[in-house]
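**Q** would you be able to build a 3D model of this:
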Amino acid sequence: MRVYTRPMDEVERTYWIAFARVRGIGRVRFQQLEEHFSSMADAWRAPAGELRAAGLDDAAVRAITQTRPDVDPEAEVARLHSEAVRAITWHDDEYPKQLREVYDRPPPTHPMARSDRARTAPVAGRTPRAA
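**A** Residues are numbered from 1 along each chain as shown. Below you'll find the model as predicted:
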């Protein structure tokens, strides 16, 4: 996995947010994309063959290529900003330490409310199930 020495820049964060909107793209696939592409922006624009070359299976490639036309990364960022939310990734200092230590940590984008009493919760990922 690429290691960032400083918080992720906002352009890169924009595409993490976009990928978080793709059903079925979680920790493992984020890592595959990150390891293969020079940026998540490049991954977002990649053709299906290049996504397969990154190690994604056909279902993941189909999910990305079918979702991309309906997701405007900049609009996703604007929506979060309008709700006073900042997305964080596992490369940010704000990412909860306890989640960093979990092997199967949640997908990497989480909202953080802009307030004195910030909270975090998953944006995408696991669907709660009845007990």
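**Q** make sure Arg79 is indeed in a helix.
**A** Yes - using DSSP: H, G, I helix; E, B strand; the rest coil, the assignment for Arg79 is a helix.
**Q** in which helix or strand does Arg13 reside?
**A** Here Arg13 sits within helix 10-20, counting by DSSP states H and E.
**Q** ok and the helix or strand following that helix relative to helix 10-20, angle-wise?
**A** Of the helices and strands lying after helix 10-20 in sequence (DSSP H and E), the nearest is helix 27-36. Angle, helix 27-36 to helix 10-20, by axes from the mean of the first three to the mean of the last three Cα atoms, to 10 degrees: 140 degrees.
**Q** buried residues, whichever helix or strand comes after helix 27-36. List them.
**A** Moving toward the C-terminus from helix 27-36, the next helix or strand (DSSP H and E) is helix 40-45. Neighbour-count burial for helix 40-45 flags 40-41, 43-44 (criterion: 16 or more other Cβ atoms under 10 Å). (Each C-beta comes from the backbone N, C-alpha and C, glycine too.)
**Q** which other helices and strands contact the helix holding Arg13?
**A** Helices and strands touching helix 10-20, by 3 or more Cβ pairs under 8 Å, 6 or more residues apart in numbering; DSSP states H and E, are helix 27-36, helix 40-45, helix 73-82, strand 85-88.
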